[in-house]
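Asks: Give me the fold of what follows.
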Amino acid sequence: MLVKIFGSAVFGVEATTITVEVNIDKGIGYHLVGLPDNAIKESSYRISAALKNNGYKLPGKKITINMAPADLRKEGSAYDLTLAIGILTASNQIKSEKIGDYLIMGELSLDGSLQPIKGALPIAIKASEEGFKGFILPKQNAKEAAIVSNLEVFGVENILEVIHFFDKKTALERTIIDTRTEFYKNLDNPEFDFADVKGQESVKRSMEIAAAGGHNIILIGPPGSGKTMLSKRLPSILPPMTLQEALETTKIHSVVGKIKDAGLMGQRPFRAPHHTISDVALVGGGQYPQPGEISLSHNGVLFLDELPEFKRTVLEVMRQPLEDREITISRARFTVTYPSSFMLVASMNPSPSGYFNDPDAPITSSPAEMQRYLGKISGPLLDRIDIHIEVTPVPFEKLSEEHLAEPSKTIRERVTKAREIQSERFVDVENTHYNAQMTVKHIREFCKLNEESKTLLKTAMERLNLSARAYDRILKVSRTIADLDGVQEISTTHISEAIQYRSLDREGWLG
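Replies: As a prediction, this is how the structure comes out:
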């Protein structure tokens, strides 16, 4: 008997429906075709044990299974449940005509219980688009898939539940999630808050500007000055994610199996890979391409602590994603594209010892050593970082203060207002949503200076020996500062503040 049952494969962040054809005929043998990987080939052992431990069995006949389209590589153990239900139906151990109405996925344990799968959200979106009545999958993934509201999602714990459902012995309980309620519930509860930060007012101000304009930022300072602590709090002042952004972000995290029983992501992601990370782990890839850290930080923050300690090749592969806001991974047979629109936040010590040119420091470094250390970061990468800010240690008087600093919620309100101004400004400009994305053409149009501001900028560039790359960055940042003030015209005050945030462009910064 021939039976068709449906599963799904994920490529990039999109799913493709897989038709599993199970044919049982006279003879003996188990033949699985359609480019399955080793995990799928081993499924026969898991299926056999799971069925036997639940009162069913593999038929002692010739079983031929084709996974169509046959020229598409299938991978992972998530097809166990699909294959098992197909075999039971083809051998008349399940009698149901409704199996084709459902998309079925799940990894089987030997006792018949189900393990979670990866990519449940993109699979559910595809199932809804193709008109499936429902999606049966492990209970751990049910909330994630139930984000798709016009699809019946059934989370199950054991293969017996699925068998009894198709035999009409018991009904399955549908998982229903109110997506909007779930989304807005988590918006105003950040894990880290700027209210906990003592002192560092100038750094907090630069963080606010970076968040308001989507600018990349680098923090330079000695150990213990608070670089990591401040960076972890940046997502708490970024504008709340829109529902569309939340769906995009959840899809990417779903593909790598990082959602599990969490539903829709409400907080912007914060990723902080270690400096020993490889090129592939950062940008994504592998034999079967998976998203890397830059895609997992999509719509959020990528924090690179101790930037000069990262391998040069790792840092250089970030240049294209920072510019194009997506990463394309090419293989001989296919190409996948992952979105990667993130804010880069980097931190570094000014020298190998970690201290400024300070005679009182426990270990000091010469200007030559400091210059060599900073030279590990390439010019083209530094060119994509708009704000450079020096972080100094907090004095005891500030640390011992009792009152709380300004909370993230208050800062976020100012940031959100500035972003709304930018959204209106770029409403007719394709692929540009905030100031950091402006091209040279947009800078000329939206960053016009009066004579007084031009004179100030010219004087500053000559006296501070600012490089040519600093010019556009200063204009972009001053545009954001003006937006935070709610004014249309860029003034000398905005220009002078923006000039302060170009430390690494000053010749002789290290003396």
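Asks: Pull up the per-residue confidence for residue 355.
Replies: Residue 355 is assigned a predicted lDDT (pLDDT) of 64.
Asks: go on, residue 304?
Replies: pLDDT, read off for residue 304, is 95.
Asks: Next: the one 3 residues further on.
Replies: Per-residue confidence for residue 307 comes out at a pLDDT of 92.
Asks: Give me the distance between the two termini of stretch 75-94.
Replies: 26 Å (CA to CA, to the nearest Å).
Asks: Which positions within that stretch qualify as buried?
Replies: By neighbour count with 16 or more other CB atoms under 10 Å, stretch 75-94 contains the buried residues 75-91, 93-94. From N, CA and C alone the C-beta is placed, and that goes for glycine too.
Asks: can you check stretch 366-384 too?
Replies: 370, 373, 374, 377, 381, 382, 383.
Asks: mind checking how far the closest residue in space to the fifth one that isn't next to it in sequence is from residue 273?
Replies: Think residue 381. When the adjacent residues along the chain are set aside, residue 381 lies closest to residue 315, with 5.5 Å between them (CB to CB, 6 or more residues apart in numbering). Between residue 315 and residue 273 the computed distance is 12 Å (CB to CB, to the nearest Å).
Asks: Any regions of this structure where pLDDT drops low?
Replies: 182-190, 260-262, 353-365, 505-511 (pLDDT under 70).
Asks: Can you report phi and psi for the most centrally placed residue in it?
Replies: The chain has residue 296 as the residue nearest its centroid, 2.3 Å off, counting by CA atoms, centre = their mean. Per-residue torsions, residue 296: phi -70, psi -20 (degrees, to the nearest 10).
Asks: same thing with residue 66?
Replies: Torsion angles at residue 66 (phi, psi; degrees, to the nearest 10) stand at phi -120, psi 130.
Asks: Tell me what it is bridged to.
Replies: On the basis of DSSP bridges, residue 66 takes part in beta bridges with residue 21, residue 33.
Asks: Share the number of residues neighbouring it, please.
Replies: 16 (other CB atoms under 10 Å).
Asks: for it, what are its contacts?
Replies: 20, 21, 23, 33, 34 (CB atoms under 8 Å, 6 or more residues apart in numbering).
Asks: you'd agree residue 303 is in a helix?
Replies: No. Counting by DSSP: H, G, I helix; E, B strand; the rest coil, one finds residue 303 to be strand, located in no helix.
Asks: How many residues are close by it?
Replies: Neighbour count for residue 303, taken as other CB under 10 Å: 24.
Asks: what do you get for residue 173?
Replies: 12.
Asks: Just read off the phi/psi values of the closest residue to it other than its chain neighbours.
Replies: Using CB to CB, 6+ apart and skipping the chain neighbours, the partner closest in space to residue 173 is residue 154 (7.1 Å). Dihedral angles of residue 154 (phi, psi; degrees, to the nearest 10) stand at phi -120, psi 110.
Asks: Can you verify my assumption that residue 154 contacts residue 135?
Replies: Yes. Between residue 154 and residue 135 there is a contact under CB atoms under 8 Å: 7.1 Å.
Asks: When the two are compared, which one has more neighbours?
Replies: Set side by side, residue 154 and residue 135 show more neighbours around residue 135, with 28 against 22, by other CB under 10 Å.
Asks: what about the more buried one, which SS state?
Replies: Applying three-state DSSP: residue 135 is strand.
Asks: and it, how far is that from residue 191?
Replies: 31 Å.
Asks: ok, so of the contacts of residue 66, who is nearest residue 11?
Replies: The nearest member of those to residue 11, counting by CB to CB, is residue 34 at 15.3 Å.
Asks: show me the contacts for the closest one.
Replies: Residue 34 touches 65, 66, 67, 68, 69, 70, 72, 74, counting by CB under 8 Å, 6+ apart.
Asks: Run through the neighbouring helices and strands of whichever strand or helix holds residue 280.
Replies: Per DSSP states H and E: residue 280 is located in helix 279-283. Applying 3 or more CB pairs under 8 Å, 6 or more residues apart in numbering; DSSP states H and E, we find helix 279-283 packed against helix 293-296, helix 312-316.
Asks: CA atoms only for that helix - export them in CSV, please.
Replies: Below are the C-alpha coordinates for helix 279-283, written out as CSV (Å, rounded to 0.1, in the frame of the first residue of the first chain):
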residue,chain,number,x,y,z
ASP,A,279,34.9,32.8,10.9
VAL,A,280,32.1,30.3,10.3
ALA,A,281,30.7,30.6,13.8
LEU,A,282,30.5,34.4,13.4
VAL,A,283,29.0,34.8,9.9
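Asks: so after that helix, what's the next helix or strand?
Replies: Defined by DSSP H and E, the subsequent element after helix 279-283 is strand 284-285.
Asks: Which neighbours in the sheet does that next one have, and how are they oriented?
Replies: strand 290-291 (antiparallel).
Asks: Please enumerate residues in contact with the strand it pairs with?
Replies: Contact with strand 290-291 is made by 13, 252, 255, 256, 284, 338, as judged by CB under 8 Å, 6+ apart.
Asks: out of those, which are buried?
Replies: 13, 252, 255, 284, 338.
Asks: tell me the contacts of the fourth one?
Replies: Same thing as residue 284. Neighbours of residue 284 in contact, by CB under 8 Å, 6+ apart: 290, 291, 292, 294, 295, 327, 329, 338.
Asks: Pull the number of nearby residues for residue 314.
Replies: 19.
Asks: same check, this time on residue 216
Replies: 20.
Asks: for residue 45, same thing?
Replies: Residue 45: 10 neighbours (other CB under 10 Å).
Asks: related to what we said a few turns ago, grab the nearest non-local neighbour of the residue nearest to the centre of the chain.
Replies: Nearest non-adjacent residue to residue 296, counting by CB to CB, 6+ apart: residue 271, 5.3 Å away.
Asks: And that neighbour, how far from residue 229?
Replies: Between residue 271 and residue 229 the distance is 17 Å, computed by CB to CB.
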